[in-house]
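# need a structure here:
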Amino acid sequence: MRLLARMLALALPFALVVGCQKPDAPKKPDAGTKQEEVTPPKPDDPHGDPPAETDICFDAQNRRTPIIMFHDLVEKRGKDTVWYDCTTEEFKDILDKIKEDGLTVISLNDLCSHLATGKEIPEKSIVLTFDDNYQSFYDIAWPMLCERQYPATVFVHTAFVGSQQGRPKMSWDTLKELVKDPLFTVGGHTINHYEDLKDRDLETQRHELTDSKTELESKLGVKIDLLAYPNGSNGEDTQAIAREAGYKLAVTVENMPAEESPNIFAVGRYIQTRFKNAVEDCEKAADGAPADVFRMKWNKDAKVHYVDKKFAGIPLRMVIGGIPETVMSPSGRQPVKEIVEQEGGVAGINGGFFAMAAVASTDNAMVGPLKTTEMGQVAPDQSPERWPKINDRPLVIWSKDELALLPYVPAQMNKSDQYEYFMRDYTDCFMGGVWLVHKGVARTRDQQDVFGAKDIQDPRRRAFIGIMADGEFVAGTVPDSVSSSKLAEAAAEAGVQEAVLIDSGFSTSLVFNDKIKASGHSNRDHPSRPVPHAIVIKGEIDATTDDSEDLSTATSLEPETGSRRRRKR
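Residues are numbered from 1 along each chain as shown. Here you go, the predicted model:
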């Protein structure tokens with residue numbers, strides 16, 4: 001259901017634009033650009049009504065960004081240092097590594113804008129944050145950051161500002177000097193730094209989050225939009241209070257790329273000791289899922305035709321053209337041919353992955369989110385225990401006008417209004433197995449194996465859906481057993497622009513003009529196993545298509561071997 005009454009509440013944090021005070025280093029002209037305000041979608045904008053201000057925008061899924069968390073910096077380790085302290089040399093090494101790896105340091109404000117609206121950020125971005133307002137930030141970190149023109153955010157707990165007990169904290173005067181610089185942002189860190197904040201009563205949490213923000217704004221003369229929970233301690237109540245207090249983004253201490261966080265008020269960070277892991281996690285994610293959110297208009301006028309030809313040495317059977325619709329079998333599971341006939345389609349193929357893979361099962365629970373043309377809203381995946389296995393697999397969304405593919409993040413992609421904002425009037429949604437072709441190029445085996453199931457390279461009959469370079473829908477299968485990487489090579493050579501793997505093996509079933517063109521089973525009466533979910537293609541058949549072959553009348557079909565009957569999710 002659309003949130004027509006919701007006000008556009010994605011006003012974004014901003015940075016102050018004055019000159020660097022320490023040291024006297026040259027400035028980049030865009031070092032401290034203000035964040036743009038979010039405006040309602042234009043009539044030709046594909047987006048619908050804005051989602052909740054806590055949601056991470058689907059358009060942000062074209063990046064994977066690590067946030068690094070530092071605490072105190074020390075010249076060298078001694079008996080008073082702790083494991084999360086960072087020495088001057090270690091800090092310099094991290095900064096040097098950032099440059100060496102070609103990373104771009106962006107502000108947390110810019111990341112907030114990216115997460116909230118999909119605003120573009122560099123492909124290999126990274127964010128630097130510092131907790132607890134240590135004096136060492138000013139003495140050690142700040143000169144090195146200014147020299148490199150790297151922005152940073154310091155989170156301040158107000159009861160300790162200027163404290164000289166234990167480890168010195170920066171004073172109000174020092175903070176006032178720092179906030180004059182566009183590279184520097186100050187964020188809230190409560191008043192007393194309770195490490196069990198989420199377990200405190202609501203009044204205490206409200207006092208800690210709201211009054212600290214008010215004091216920072218009053219004494220520093222800046223707007224405080226960013227928050228770090230002490231020790232990462234937060235819950236749903238804590239997040240709600242932070243939002244009510246006027247923060248725009250809050251960070252935790254959970255290790256994960258920012259875009260894979262549950263929401264904007266629980267954004268993950270990596271402790272500086274895990275810097276290498278943070279960069280590797282994000283590079284791995286970017287390698288497995290293309291660094292694009294793909295969108296393309298359908299060629300709705302294309303007639304439906306059938307292709308049976310070898311590409312990259314592999315026989316490929318494809319139905320091209322028409323407009324697809326997804327359908328759930330009203331009886332639990334049915335052969336694809338029956339579903340196509342019931343829906344009045346001219347062609348069809350088996351659909352997404354279902355949870356219970358047993359051939360004799362009638363269970364129709366699906367893996368990942370699901371919306372068919374007839375469903376009122378998306379049904380999210382209901383099994384958190386499998387979320388780590390399907391994180392970042394391709395999510396397929398389409399309307400009657402366009403197709404979109406993007407990495408699926410189970411922890412956040414669970415509300416209909418998020419989908420409606422991403423694509424106005426979307427009709428169908430389901431999860432694919434792995435991204436096979438991107439921008440006309442086959443994804444390599446290594447790229448596919450990052451997020452794919454363990455068996456995606458096992459030889460078996462396989463199926464895919466996607467879009468051609470001219471916008472025609474395509475559904476394809478192979479009559480022989482192949483790996484997903486070989487299937488990708490064939491699809492790319494056939495001119496497929498984007499393709500994702502759909503359910504394969506015994507489920508493989510391609511139907512065209514009331515004939516079965518590819519199967520995954522050896523039974524001549526039911527060449528493929530019945531499935532709960534299918535893709536039906538509607539449109540006008542191209543009269544020039546040669547479609548004389550029909551597997552349902554064949555005298556024999558090649559069975560899959562017993563070793564290929566195992567299905568892993």
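
# contacting residues around the nearest residue in space to residue 235 that is not next to it in sequence?
Excluding its sequence neighbours, the residue lying closest to residue 235 (Cβ to Cβ, 6 or more residues apart in numbering) is residue 198, at 4.1 Å. In short, each C-beta sits where N, CA and C put it, glycine included. For residue 198, the contact set (Cβ atoms under 8 Å, 6 or more residues apart in numbering) comprises 205, 229, 233-235, 237-238.

# ok, now residue 124?
Contacts of residue 124 by Cβ under 8 Å, 6+ apart are 101-104, 282, 286.

# one more time with 10 Å, if that's ok
By Cβ atoms under 10 Å, 6 or more residues apart in numbering, the contact list for residue 124 reads 63-66, 98, 101-104, 279, 282-283, 286, 291.

# again, but for residue 307
Residue 307 neighbours (Cβ under 10 Å, 6+ apart): 316-320, 474, 476, 494-495, 512, 545-546.

# try residue 509
335-337, 339-340, 348-350, 461, 463, 477, 503, 516-521, 526-531, 534, 551.

# what about those residues, which are in helices?
Using DSSP state H, 336-337, 339-340 are the members of the contacts of residue 509 that sit in helices.

# and of the residues you listed, the nearest to residue 394?
residue 336 (21.0 Å; Cβ to Cβ).

# how far away is the residue nearest to the closest one when sequence neighbours are not counted from residue 346?
Nearest residue to residue 336 in three dimensions, chain neighbours excluded: residue 509, at 4.1 Å (Cβ to Cβ, 6+ apart). Distance of residue 509 to residue 346, computed by Cβ to Cβ, to the nearest Å: 15 Å.

# now residue 110
48 Å.

# and the pLDDT for residue 288?
Reported pLDDT at residue 288 in the predicted model: 76.

# phi, psi of it?
When read as degrees, to the nearest 10, the backbone of residue 288 gives phi -80, psi -30.

# for it, what are its contacts?
Here residue 288 is in contact with 64, 391-393, 407, 434-435, 443, 446-452 (criterion: Cβ under 10 Å, 6+ apart).

# take the contacts of residue 198 and keep only those in helices.
205, 237-238.

# distance check, the closest residue to residue 207 other than its chain neighbours against residue 81.
Spatial nearest neighbour of residue 207, excluding adjacent residues (Cβ to Cβ, 6+ apart): residue 191 at 7.2 Å. Per Cβ to Cβ, residue 191 is found 26 Å from residue 81.

# ok, the two, which is more surrounded?
The neighbour count for residue 191 versus residue 81, taken as other Cβ atoms under 10 Å, is higher for residue 191 (20 against 13).

# residues near residue 280, how many?
Residue 280: 12 surrounding residues under other Cβ under 10 Å.

# my guess is it is in a strand, correct?
No - assessed with DSSP: H, G, I helix; E, B strand; the rest coil, residue 280 is helix; it does not lie in a strand.

# wouldn't it be in contact with residue 450 here?
No - the pair residue 280 / residue 450 is not scored as a contact, 11.8 Å apart, by Cβ atoms under 10 Å.

# residue ranges in the stretch 201-350 of the chain under the pLDDT threshold?
Filtered on pLDDT under 70, the stretch 201-350 of the chain yields the residue ranges 291.

# and the helices in it?
Ranges of helices within the stretch 201-350 of the chain are 202-206, 212-220, 236-245, 275-288, 336-343, based on DSSP state H, counting those that start in this stretch.

# pick the most deeply packed of those helices.
helix 336-343 (a mean of 21; mean count of other Cβ atoms under 10 Å).

# residues in contact with the closest residue to residue 152 other than its chain neighbours?
Once flanking residues are discounted, residue 152 sits nearest to residue 128: 4.6 Å by Cβ to Cβ, 6+ apart. By Cβ under 10 Å, 6+ apart, the contact set of residue 128 is 66-70, 91, 94-95, 98, 105-108, 141, 145, 150-154, 272.

# nearest spatial neighbour of residue 114, skipping sequence neighbours?
Residue 114 sits nearest to residue 121 (Cβ to Cβ, 6+ apart), 4.7 Å away.

# report the contact partners of the one you found.
Counting by Cβ under 10 Å, 6+ apart, residue 121 makes contact with 60, 62-63, 65, 104, 106, 110-111, 113-115, 127.

# so which of these sit within helices?
Judged by DSSP H, the subset of the contacts of residue 121 located in helices is 110-111, 113-115.

# any chance of those in JSON lines, plus distance to residue 386, neighbour count and pLDDT?
Below are the ones in helices among the contacts of residue 121 laid out as JSON lines (distance: Cβ to Cβ, whole Å; neighbours: other Cβ atoms under 10 Å; pLDDT from 0 to 100):
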{"residue": "110", "distance to residue 386": "34", "neighbour count": "22", "pLDDT": "97"}
{"residue": "111", "distance to residue 386": "29", "neighbour count": "27", "pLDDT": "97"}
{"residue": "113", "distance to residue 386": "32", "neighbour count": "27", "pLDDT": "95"}
{"residue": "114", "distance to residue 386": "28", "neighbour count": "24", "pLDDT": "96"}
{"residue": "115", "distance to residue 386": "25", "neighbour count": "26", "pLDDT": "95"}
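
# so where's the protein uncertain?
In the chain, residues with pLDDT under 70: 1-46, 48-52, 291, 356-362, 521-527, 549-569.

# among the contacts of residue 509, which are in strands?
In this view, the contacts of residue 509 that belong to strands under DSSP state E are 348-350, 463, 477, 516-519, 534.

# now, which of those sits nearest residue 132?
Checking the ones in strands among the contacts of residue 509 against residue 132 with Cβ to Cβ, the nearest one is residue 463 at 53.8 Å.

# list the contacts for the closest one?
Per Cβ under 10 Å, 6+ apart, neighbours of residue 463: 317, 349-351, 433, 475-478, 487, 501-505, 507-510, 518, 520, 528, 535.

# show me what it is bridged to.
Under DSSP bridges, the beta-bridge partners of residue 463 are residue 477, residue 502.

# roughly how far apart are the residue nearest to residue 114 and residue 227?
20 Å.

# in the protein, which residue is most central in space?
The centroid of the chain falls nearest to residue 61 when counting by Cα atoms, centre = their mean (3.8 Å).

# ok, residue 103 - contacts?
65-66, 97, 122-126, 279, 282.

# what about it, distance to residue 114?
Taken as Cβ to Cβ, the span from residue 103 to residue 114 is 15 Å.
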